[in-house]
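In: requesting a structural model of the entry that follows:
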Amino acid sequence: MSSERPASTRPSAPDTSSNAVAGNDATGLFTRSEEELPPLSTGATTTVEGEPKNAFDRFFEITRRGSTLGREIRGGIVTFVTMAYIVILNPLILGGVDDVAGNALDAAQIGAATGLTAGVMTILFGVIARLPFALAAGLGINSFLAVSVVGQVTWQEAMGLVVINGILIVIFGATGIRTAIFKAVPQALKAAITVGIGLFIAFIGFVDSGFVTRTEGGPPVQLGAGGSITSVPTLIFLLGLVLIGILVARKVPGGILIGIVATTIVALIAQSVLKLGPSFEDPNGWHMTIPELPSSWVTIPDFGLIGQFDLFGSFGRVGVLSATMLVFTLVFSNFFDAMGTMTGLAKNAGLAYKDGTFPRLRSAFVVEGFGAVAGGMTSTSSNTVYVDSASGIGEGARSGVASLVVGVLFLLSMFLTPLTLVVPIEVGSAALVVVGAMMMAQIREIKFDKFAVALPAFLTIVTMPLTYSIANGIGIGFISWALVNAFSGRARKVHWLMWVVAAGFALYFVRGPIEAMLGS
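Out: Numbers count the residues shown, from 1 in each chain. Take a look at the predicted model:
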């Protein structure tokens with residue numbers, strides 16, 4: 001299992017950390033090719049010895065990464081089950097919201113386009129980047145579009161901004177700018193990003209399951225309702241958490257998937273007896289989907305939203321400066337959220353090199369950028385790498401084969417939408433918490449006895465769950481690392497690209513007042 005995969009067993013790559021790559025010379029950062037990376041070796045006790053079994057195995061490096069075809073398929077299924085909620089949630093977020101012209105997107109069309117885009121982009125990512133990461137419409141960006149953007153522009157114009165955002169990210173990835181920034185990040189911050197993501201996805205699991213809720217006044221969050229567990233769905237979450245935890249601890253093959261299936265059966269039985277409703281009607285009800293066997297198993301997708309975007313219309317509607325600020329916000333959120341997610345996933349899978357990079361890094365960045373372009377073109381919002389992929393990695397996925405499985409299942413979901421409603425979010429949340437615990441192991445790489453390292457790492461870790469944003473955690477980490485080290489006599493430890501990105505994040509964090517001034 002991935003939780004038993006020690007990072008220290010990997011052969012050391014040449015020291016290409018931010019402090020060792022040509023000092024402050026960016027040339028080395030931009031010119032080093034992926035072919036110069038050291039050979040990949042998992043060094044794990046689960047490594048399968050021997051030569052690749054066939055060309056398929058050789059292409060995806062299944063055996064080389066210590067995996068098997070069965071694990072990859074199983075991991076892909078677990079990842080899909082964990083993140084299938086996006087097919088339902090994305091239409092809920094984007095559908096029914098009127099834009100500045102009073103028009104709204106059709107929820108059924110969004111659902112069909114969401115499955116199509118996620119499926120195609122995840123398959124492309126699996127084939128080109130060959131990593132076990134799945135892509136789908138990013139929750140942060142789709143919420144930003146629905147809440148902040150379409151009040152100023154139309155939906156077509158908003159999706160045009162998403163396309164522009166994606167084109168810029170593709171350029172950054174293809175030219176090496178994104179890779180250069182990635183390599184400039186100190187190893188301690190990369191480890192902190194992984195740990196922060198682990199806490200973040202665990203917190204997501206706690207919130208989505210109802211284990212943690214908001215309070216009317218007083219502390220921001222509380223246990224359950226009024227400080228106690230009161231609902232059956234939350235109890236089912238706890239059952240799933242304990243069951244999956246035991247199976248993983250005992251190293252049972254397919255432990256996460258077995259736990260999800262078993263707990264879903266319990267949820268189906270509980271619902272058939274108790275007839276619970278949704279939580280917005282009943283506080284003790286289900287938090288997203290109600291676990292019931294569907295009466296109809298097949299639906300016909302409607303792809304009417306594909307191609308419904310206006311690339312430059314927003315610039316004429318709100319002005320060049322305001323539209324540019326919207327693009328800036330999209331790029332920063334998309335760019336660093338995905339970069340941090342891929343960092344954490346690669347380390348959790350045991351695929352990261354000593355300097356924090358991972359196989360086919362540039363390819364991964366470019367394909368992820370095209371996910372943003374595709375998301376805008378299909379009106380589903382920017383598609384990006386999902387942190388939920390950690391669940392499949394926890395199940396043993398190590399190659400792009402798992403992504404192929406996830407992609408095919410997303411394509412099938414367009415026709416089998418009712419099936420995606422069977423697994424309640426409470427069950428998927430249990431898997432996320434378990435995987436979050438796995439990712440905490442990376443904290444051992446952070447030297448907390450050095451406060452110039454400890455404070456930025458700590459701020460990175462806690463900011464992600466507390467602000468519900470990976471990008472925010474990365475930004476706070478960048479800014480605090482640059483300032484603390486520069487003013488404590490360690491200015492040489494701050495790569496010049498860190499200063500550039502830190503300044504960009506400072507602008508990102510005060511974008512609200514800037515947008516207000518531009519609008520006045």
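In: not counting sequence-adjacent ones, nearest residue to residue 241?
Out: residue 430 (4.2 Å; Cβ to Cβ, 6 or more residues apart in numbering). (Each C-beta comes from the backbone N, C-alpha and C, glycine too.)
In: residue 219 belongs to a helix?
Out: No - assessed with DSSP: H, G, I helix; E, B strand; the rest coil, residue 219 is coil; it does not lie in a helix.
In: quick one, phi psi at it?
Out: Dihedral angles phi and psi of residue 219 (degrees, to the nearest 10) take the values phi -60, psi 150.
In: next: residue 230.
Out: Torsion angles, degrees, to the nearest 10, at residue 230: phi -120, psi -10.
In: ok, it - how many residues close by?
Out: By the criterion of other Cβ atoms under 10 Å, residue 230 has 13 neighbours.
In: make sure it is actually in contact with residue 285.
Out: No - using Cβ atoms under 8 Å, residue 230 makes no contact with residue 285, being 11.2 Å away.
In: next, count neighbours for the residue nearest to residue 241.
Out: 28.
In: who are the contact partners of it?
Out: Counting by Cβ atoms under 8 Å, 6 or more residues apart in numbering, residue 430 makes contact with 205, 209, 237, 238, 239, 240, 241, 243, 244, 259, 260, 263.
In: help me confirm that the fifth one is found in a helix?
Out: Yes - applying three-state DSSP, one finds residue 239 inside a helix.
In: any idea which helix or strand carries the residue nearest to it when sequence neighbours are not counted?
Out: Spatial nearest neighbour of residue 239, chain neighbours left out: residue 263 (6.0 Å); criterion: Cβ to Cβ, 6+ apart. Following DSSP states H and E, one finds residue 263 within helix 255-274.
In: which strands and helices lie in contact with that helix?
Out: Where contact means 3 or more Cβ pairs under 8 Å, 6 or more residues apart in numbering; DSSP states H and E, helix 255-274 is packed against helix 69-83, helix 232-249, helix 425-439.
In: contacting residues around it?
Out: The contact list for helix 255-274, computed with Cβ under 8 Å, 6+ apart, reads 1, 74, 77-78, 81-82, 232-233, 236, 239-240, 243-244, 247-248, 252, 276, 286, 290-293, 391, 394-395, 422-424, 426-428, 430-431, 434-435.
In: now that helix and helix 69-83, what's the angle there?
Out: Calculated by axes from the mean of the first three to the mean of the last three Cα atoms, to 10 degrees, helix 255-274 forms an angle of 40 degrees with helix 69-83.
In: for this protein, what's the longest helix?
Out: If each helix of the chain is counted by residues according to DSSP state H, the longest one is helix 320-348.
In: avg pLDDT for stretch 151-171?
Out: Mean pLDDT, stretch 151-171: 95.
In: in it, what's buried?
Out: By neighbour count, and taking 16 or more other Cβ atoms under 10 Å as the criterion, the buried residues in stretch 151-171 are 152-170.
In: next SSE after the host helix or strand of residue 455?
Out: In this structure, residue 455 sits in helix 451-467 according to DSSP H and E. For helix 451-467, the following helix or strand on the C-terminal side (DSSP H and E) is helix 470-486.
In: contact partners of the helix or strand that comes right after that next one?
Out: Sequence-wise, the next helix or strand downstream of helix 470-486 (DSSP H and E) is helix 496-509. For helix 496-509, the surrounding residues in contact (Cβ under 8 Å, 6+ apart) are 18, 24, 26, 29, 180-181, 184-186, 328-329, 332, 474-476, 478-479, 481-483, 514.
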